[in-house]
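> sequence and predicted structure are below.
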Amino acid sequence: MTKRKEKIVLPLIAVFLGFILGSLIVILTGRSPLAMYAAIVKGFSGIDIMYGQPLNSRYIGEFIIQSMPIILTGLAFAFAQRTGLFSIGAEGQLMVGSLAATAVALLVRAPKVIHLPMVMLAAILAGALWGAIPGLLKAKFRVHEVVVTIMMNYIALHLNNFTILNIFGSVDRVKTAPFPETALLKSPFLESITRNSRLNWGFIPVIIALLIFSFIINKTTFGYSLRAVGYNKEAARYAGMKVDRNIISSMAIAGAFAGLAGAVITVGTFNFGRALPAAEGYGFDGIAVALVGGNEASGILLAGMLFGGLKAAQPLMQSQGIPREIAGIIQASIVLFVAMKYGIKMVLDRFEKKQAPTTEGDRV
Amino acid sequence: MAYIVEMLHITKDFPGIRANDDISLQIEEGSIHALLGENGAGKSTLMSILFGLYQPDSGTIRVRGKEVKISDPNVATALGIGMVHQHFKLVHNFTVTENIILGMEPRKGVTIDIRSAERKVEEISKLYGLAVDPRAKIEDISVGMQQRVEILKMLYRDAEILIFDEPTAVLTPQEIHELMHIMRRLVQEGKTILLITHKLKEIKEVADVCTVLRRGKLVGTVPVADTNEEKMAEMMVGRQVNFHVEKNPARPGPELLRIESLNVKNSKGVLGVKNLSLSVRGGEVLGICGIDGNGQTELVYAITGLQKAESGRIFLRDKEITHLSIKERSDLGLGHIPEDRQKHGLILDFTLGENFVVHNYYRKPFANFGILNQKQILENANRLIREFDVRSGQGAFTPARSMSGGNQQKAIVAREIDRSPDVFIVVQPTRGLDVGAIEYIHKRIIEERDKGKAILLVSLELDEIMDVSDRIAVIYNGEIVGIVDARETNENELGLMMSGALRKHQPAAAGAMA
């Protein structure tokens, strides 16, 4: 099998196996897997096979809403990974992005054409800064990025909550005052064509982010040197590349993607800043998305949509009497099967060999 | 006649390349059978098929007259076939015995019976004259000893047919001599040896029969006693080969590289290079010869900037470069063929084309305003592939990882020579290459010299040093113990200096020799 074919076939098989495993567990709980698939189909499209309801654009809008942030955190993880870094920091970068967006949304008064871009930019910069710190520590002091990014996630969570509750103030100790209209990605037009879903203009920055990711990695000299460092740090150093600087830039750009995700949630899905009881898992979902998507923009887009749809299907599964956790189990097992790609490849290769016309030598 | 192994009409295809094309090979029991061929001729593929790492697309294999299907290395081991790979597969913080028994540990109750294993290893070691300490840790023993551990591993598993994949590539001349002795001993004890190599001298020295492959096809099998090195080289390359570098006397110009009282620490934190001074002039090749590990690596790292010098100064022309970055040195005209091709030389997960531009990817014509110009990168790759005969399955798009070691080396040499640096640090440029490629690369190095470039050649191959260099500096224990004229020295004198037994200084040589 060629490398390219492998990159497409293996994740598809993993997804297939993940659903099979999910079905088996549903059967074990004594329910029908058909009900689960009906819920998933409904989550993606609103089509209800069981009760014969047609396509409902509201569901499409909602599943896209679920997909947007995890596509961005997927890009964040993948970008660092291409430089050989394993960043768990998207969660925290997303939170500081969200906090920065809240601050600019609440404190600045300006027309929409200025205010909204400022909100986005603030979130991007905050995420980049939050990402640059572990990058700097890695480059200068060889502190492992996994440890630093995990810790930075906690700092981000409590920084967010402290600031929201004590500086911006909150009547119900959960959310800030609503943002002015000028800071929001919300669109009555998009809501109207999707039957009042929460769909908003956030998908535009997501698409731009996907294009930028692919462009930087594949087309630019900067991406070339990032990949070189990711594959072989010593050879990159020998060739005169600035390895340390690349590590810091890569972490900062990864952080920018995650910071943008914070803005998309805060001024898109919601219209107020939120204090959070705990991390919401966007960062970890992003890791799963990047792994399944093979660290490529196109793969991340598809994997993000798949996992977004599964998230959207969870409440629907619940209403069918199927534990919502099954969706989580399917997602987790897809990631597991992706991680088992060498095993899957071995089985495939053996299968392919059996299919090939046997020659004299093979029959010995 | 008793053939212990017969491989008949073996064909094996890889994407874009037919690695083995209807090759037949018959090996007599108790002989040393050499398999000779250029880099990428298909030797390693053929042996990997015999060892069960690959399956042939067609053809049959017989072991002791019986047809067999070797589906994986375990089957090969059960058939008594063992292989010593070019890159050893040893656990570095395990002892010799622990490495040998790995995978088939003898047990006493629930614990490993290390004592009896050690005894058995010692017995085998004595029988074949290997002199390996079963309790030594791998990281503490020399490369030559590590190779013997690999040999012991096969013998411990009762291998009768031993495949050696280019066993001398990593050894010093002394170790090579000892290995030849061990191989003869193994045959005396009834083993059969298959020796993959492209070194004609070694074949002439130990082998009984030699089979030659060229570009995946069988050229012929000859008894070694009836042939000579020139004939074998011709069979291998398909044309007559010149063993000696043809060159005119050097015409040294101005001094381009000067090193003053350089001290460099090695990986263990002690001085690997001590108070070393050298000078290389444009238009000359200065060879550095010495036994591996006498400071060559540290010297090269300090000159190229991969490692900081403790003290001392390095000048390129008149500019001090001691504290400059790798890139600044390279921009000033310093070039470097690195010793370790997989660590420094190549990014194995990049394609060949991408690897050709690691120094210049951000410059015109390979990039405009920070955006890569794929067309130029491809053209550059195709030109270098053609010029240096780099063989690869998918041309510029071949992943470097999938190329044979020799072709990886050729790719690096091509890239570096093509940059034509003023001061050229050339380390082991022909490591793992066949005579045809060696001849070409030596010619190109001499061409660079004749353009007036200063070349510092570091090599463990004495023949290469003596052939290519104009002056030879011998390094021992981090110090230059002598600088001699290449035309006036001999292997014996160099050998004595390399072992530290002789010092010979020509006071004027370092600075202002005519």
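It's in.

> tell me where the chain is predicted with low confidence.
I went with chain A, as the question did not name one. Counting by pLDDT under 70, the ranges of chain A that qualify are A:1-3, A:353-364.

> try chain B instead
Filtered on pLDDT under 70, chain B yields the residue ranges B:1, B:505-514.

> which residues of it lie near chain A?
For chain B, the residues in contact with chain A (CB under 8 Å from any CB of the partner chain) are B:10-11, B:15, B:55-61, B:67-69, B:304, B:306, B:325-327, B:330, B:336, B:338, B:343-350, B:354, B:358-359, B:361-362, B:367, B:370-372, B:399. Glycine gets a C-beta too; all of them are placed from N, C-alpha and C.

> list the helices and strands the helix or strand harbouring A:A290 packs on?
Here A:A290, judged by DSSP states H and E, is contained in helix A:282-292. The contact analysis (3 or more CB pairs under 8 Å, 6 or more residues apart in numbering or on different chains; DSSP states H and E) places helix A:282-292 against helix A:3-28, helix A:57-82, helix A:90-107, helix A:243-264, helix A:297-319, helix A:325-339.

> nearest to A:F284, of these?
Closest to A:F284 of the helices and strands packed on helix A:282-292 is helix A:90-107 (CB to CB; 7.0 Å).

> which neighbouring elements make contact with the helix or strand just after the closest one?
Next helix or strand after helix A:90-107 toward the C-terminus (DSSP H and E): helix A:112-141. Applying 3+ CB pairs under 8 Å, 6+ apart, we find helix A:112-141 packed against helix A:57-82, helix A:90-107, helix A:145-162, helix A:243-264.

> put together JSON lines for those helices, with mean neighbour count on each row.
Listed next are the helices and strands packed on helix A:112-141 as JSON lines, based on neighbours: other CB atoms under 10 Å in any protein chain shown:
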{"stretch": "helix A:57-82", "mean neighbour count": "26"}
{"stretch": "helix A:90-107", "mean neighbour count": "28"}
{"stretch": "helix A:145-162", "mean neighbour count": "18"}
{"stretch": "helix A:243-264", "mean neighbour count": "28"}
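
> how about CSV for these, with distance to chain B added?
Putting these into CSV (distance: least, CB to the nearest CB, whole Å) gives the following:
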stretch, distance to chain B
helix A:57-82, 11
helix A:90-107, 24
helix A:145-162, 20
helix A:243-264, 10
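
> redo those as a markdown table? Include distance to A:E352.
What follows is those, written out as a markdown table (distance: least, CB to CB, whole Å):
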| stretch | distance to A:E352 |
| --- | --- |
| helix A:57-82 | 29 |
| helix A:90-107 | 37 |
| helix A:145-162 | 37 |
| helix A:243-264 | 37 |
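
> how close does the residue in the stretch 151-300 of chain B that chain A sits nearest to sit to B:T168?
For the stretch 151-300 of chain B and chain A, the shortest gap (CB to the nearest CB) falls at B:V300, measuring 11.1 Å. Distance from B:V300 to B:T168, counting by CB to CB, to the nearest Å: 23 Å.

> in terms of neighbours, single out the busier of these two.
Neighbour tally, B:V300 and B:T168, criterion other CB atoms under 10 Å in any protein chain shown: the higher count belongs to B:V300, 23 against 20.

> surely the more buried one is in contact with B:G335?
No. Counting by CB atoms under 8 Å, B:V300 stays clear of B:G335, with 12.0 Å between them.

> give the contact list for A:V108.
Neighbour list for A:V108: A:115, A:118, A:183 [criterion: CB atoms under 8 Å, 6 or more residues apart in numbering or on different chains].

> please redo it, this time with the cut-off set to 10 Å
By CB atoms under 10 Å, 6 or more residues apart in numbering or on different chains, the residues touching A:V108 are A:114-115, A:118-119, A:122, A:180, A:182-183.

> which stretches of the stretch 251-400 of chain B form strands?
Per DSSP state E, counting those that start in this stretch, the stretch 251-400 of chain B carries strands over the ranges B:255-265, B:271-281, B:284-289, B:311-316, B:319-320, B:334-337, B:367-368, B:371-372.

> next one: the stretch 101-250 of chain B
Using DSSP E, counting those that start in this stretch, the strands of the stretch 101-250 of chain B run over B:107-108, B:111-112, B:161-165, B:192-197, B:209-214, B:217-223.

> for B:E464, phi and psi?
Per-residue torsions, B:E464: phi -70, psi -50 (degrees, to the nearest 10).

> grab the nearest non-local neighbour of it.
With sequence-adjacent residues excluded and distances taken as CB to CB, 6 or more residues apart in numbering or on different chains, B:E464 is closest to B:T430, at 6.3 Å.

> identify the contacts common to B:V300 and B:G335.
Both B:V300 and B:G335 are in contact with B:425-426, where contact means CB under 10 Å, 6+ apart.

> what about B:N294, neighbour count?
Counted with other CB under 10 Å, B:N294 comes out at 22.

> just checking, it touches B:M497?
No. At 11.0 Å, B:N294 and B:M497 do not qualify as touching, with contact defined as CB atoms under 10 Å.

> hey, what's in contact with both of those two?
B:474-476, B:481.

> hmm, back to that, can you tell me the SS state at the residue nearest to B:E464?
Of the three states, B:T430 takes coil under DSSP: H, G, I helix; E, B strand; the rest coil.

> residues contacting it?
B:T430 touches B:337, B:406, B:409-410, B:413, B:437-442, B:445, B:459, B:461, B:463-464, B:468, counting by CB under 10 Å, 6+ apart.

> same check, this time on A:G43
Contacts of A:G43 by CB under 10 Å, 6+ apart are A:59-60, A:62-63, A:66, A:308-317, A:327.

> count the residues that sit near the residue in chain B positioned nearest to chain A.
The minimum distance from chain B to chain A, using CB to the nearest CB, falls at B:K327 (3.3 Å). By other CB under 10 Å, 15 other residues sit near B:K327.

> before we move on, which element is the closest residue to B:H9 other than its chain neighbours in?
Nearest residue to B:H9, sequence neighbours excluded (CB to CB, 6+ apart): B:G59, at 4.4 Å. According to DSSP H and E, B:G59 maps onto strand B:58-63.

> which parts of the helix or strand following that strand are buried?
Of the helices and strands lying after strand B:58-63 in sequence (DSSP H and E), the nearest is strand B:66-68. If you call a residue buried by 16 or more other CB atoms under 10 Å in any protein chain shown, then strand B:66-68 has these buried ones: B:V68.

> stretch A:129-149 now?
Quick answer for stretch A:129-149 (16+ other CB under 10 Å): A:129-139, A:145, A:148-149.

> run the chain-centre distance for that stretch.
21 Å (CA atoms, centre = their mean, to the nearest Å).

> what's the answer for stretch B:116-127, then?
31 Å.

> same question for stretch B:270-287.
23 Å.

> what residues are up against the nearest residue to A:L116 once chain neighbours are set aside?
Spatial nearest neighbour of A:L116, chain neighbours left out: A:A183 (6.2 Å); criterion: CB to CB, 6+ apart. Shown in contact with A:A183 (CB under 10 Å, 6+ apart): A:101-102, A:104-106, A:108-110, A:112, A:115-116, A:118-120, A:263, A:266-267, A:271.

> nearest to chain B: which residue in the stretch 101-250 of chain A?
Closest point on the stretch 101-250 of chain A to chain B, by CB to the nearest CB, is A:G240, at 3.3 Å.

> nice, that's everything, thank you.
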